[in-house]
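Student: below: sequence and its predicted model.
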Amino acid sequence: MKKKPLISKELENFYNKASEETRLEKGMGIFEFERIKQLIDLHINKPNITIVDVGGGTGKYSEWLAKKNHTVHLIEPVLKHIKLAEKRAKKLKKPFSVTIGEASKLPYKDNSVDLVILHGPLYHLQKKEDRVSAILEAKRVLKKGGIILGFAINATASTVVGLMNGMIHANSFFEMCKEELTTGIHNAPKDFPFLLADAFYHKPQDLKTEFLEQKLNFINIFAVEGMIWLDNEYFANMLDKKKSKTLKALQNLTQNDEYLLPFSPHMMIAISK
C-alpha cells in the first residue's frame, strides 16, 4: 500500500521553488522573524522548558530556542526543510531534534511538553477537521498549564495587499480574495504562481472558536505585523531608530485589539491547557 503523502503536490512544489530558508532574511521577513521571537518570548516564563515546533520549517525558531537552552523538537512535513533543519541542528552545542511528520500525529508522549508552537498547520490545513485534529494533538502532548501558540493567516491578508498594489483589479486575484473572505479557502490562481499554495485564511473569531471548542483556555490573540506595515515608507522607517520606535509603540498598543486585527496579515493565538 502506498503511503499517503504528508502534504499536497502543490504545496510540495511551492516550497521546493520558494526559499523558506532566506524568506526571514529579507524584506518583511526580517521584521516578522524578530516580532515572532518577541511573541514567543512573551509566553516563556521559566528556563529550560520542553518545546515542540510543529511545522517548524528550516529550524530558524528551533535554533533560536535551543540556543536559549530549551529542549526543542522540530516536526515538519517538507523534506527539503528537514534537510536544512538537520544541518542547522548539527552546528549547535545543544541540538534540537528533527523529525519528518505531520501535526495530527506527534511522536511525543501525553502531557510531556511545556509549549507547542503551531507554525504551519493552521495555514495549510484547509479542512476544519484536520485543523481540529492538529489542535487536539497539541493538547494531548501538552502538560497541564502548558501553552499552545497558534499562528494563522488573516482572511483579509490578500485583499489588503491587493488593494495596496493594484492586483485586486486582476479578475483571478479578486476571485481568490472573494473565496478567502467568504470561506477562508485560499488557492493561488494559475496566473499568480508566486502566491502561497493551498492554504486556509482565518477570521479572528473562527480561529478562537476552533481552539475553544477543544476545551482549551483562551489567553489572548495577537497581531503579528499589526497595522504598521501599512506605513508607505515602512522599510525605511523600520530601519530608522526614532521612527521605528513610534511604529513599534503603535504595534504594541494595538496588538490585542480584535477590531484592528484584520489589518495584520498574520495573527497568533495563545491558549493554555
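Tutor: Thanks, I have it.

Student: need the helices for the stretch 51-200 of the chain, in chain order.
Tutor: Under the criterion DSSP state H, counting those that start in this stretch, the stretch 51-200 of the chain contains helices at 60-67, 79-90, 121-124, 128-141, 157-165, 171-182.

Student: so which of the ones you listed comes closest to residue 271?
Tutor: Nearest of those to residue 271, taken as Cβ to Cβ: helix 128-141 at 8.5 Å. All C-beta atoms are positioned from the backbone trio N, CA, C, and that covers glycine.

Student: give me the mean pLDDT for that closest one.
Tutor: For helix 128-141, mean pLDDT is 97.

Student: select the longest strand from this structure.
Tutor: Using DSSP state E to define each element, the chain has its longest strand at strand 142-154.

Student: direction included, what does that one pair against?
Tutor: Using DSSP bridges, the strands paired with strand 142-154 are strand 113-118 (parallel), strand 199-202 (parallel), strand 266-272 (antiparallel).

Student: show me which residues of the longest one are buried.
Tutor: Applying a neighbour-count criterion of 16 or more other Cβ atoms under 10 Å, the buried positions in strand 266-272 are 266-271.

Student: Throw those residues into TSV and include pLDDT, thanks.
Tutor: Compiled in TSV, the buried residues of strand 266-272 are given as follows (pLDDT from 0 to 100):
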residue	pLDDT
266	95
267	97
268	98
269	98
270	98
271	98
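
Student: just flag the most distant two among these.
Tutor: The largest separation in these, counting by Cβ to Cβ, is between 266 and 271 at 16.4 Å.

Student: returning to that earlier point: in a markdown table: the strands paired with strand 142-154, plus distance to residue 102.
Tutor: As requested, the strands paired with strand 142-154 are exported to a markdown table (distance: least, Cβ to Cβ, whole Å):
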| stretch | distance to residue 102 |
| --- | --- |
| strand 113-118 | 12 |
| strand 199-202 | 15 |
| strand 266-272 | 20 |
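
Student: count of neighbours near residue 34?
Tutor: Residue 34: 12 surrounding residues under other Cβ atoms under 10 Å.

Student: buried residues, whatever helix or strand it lives in. List them.
Tutor: Taking DSSP states H and E as the criterion, residue 34 maps to helix 28-41. Of the residues in helix 28-41, 28, 31-33, 35-36, 39-40 count as buried by neighbour count, 16+ other Cβ under 10 Å.

Student: that helix versus strand 113-118: what angle between them?
Tutor: Put simply, helix 28-41 runs at 150 degrees to strand 113-118, going by axes from the mean of the first three to the mean of the last three Cα atoms, to 10 degrees.

Student: can I get helix 28-41 in CSV, CA atoms only?
Tutor: In CSV, the C-alpha atoms belonging to helix 28-41 read as follows (Å, rounded to 0.1, in the frame of the first residue of the first chain):
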residue,chain,number,x,y,z
MET,A,28,9.1,41.9,5.6
GLY,A,29,10.7,38.6,6.7
ILE,A,30,13.4,40.3,8.8
PHE,A,31,10.8,42.1,10.9
GLU,A,32,8.5,39.1,11.0
PHE,A,33,11.3,37.0,12.5
GLU,A,34,12.1,39.5,15.2
ARG,A,35,8.5,40.1,16.0
ILE,A,36,7.6,36.4,16.3
LYS,A,37,10.6,35.8,18.6
GLN,A,38,9.2,38.6,20.8
LEU,A,39,5.7,37.0,20.8
ILE,A,40,7.1,33.6,21.7
ASP,A,41,9.3,35.0,24.4
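
Student: show residues contacting it.
Tutor: Residues from elsewhere that reach helix 28-41 (Cβ atoms under 8 Å, 6 or more residues apart in numbering): 23-25, 60-61, 64-65, 117, 149, 151, 222, 224-225, 229, 238, 251, 266, 268.
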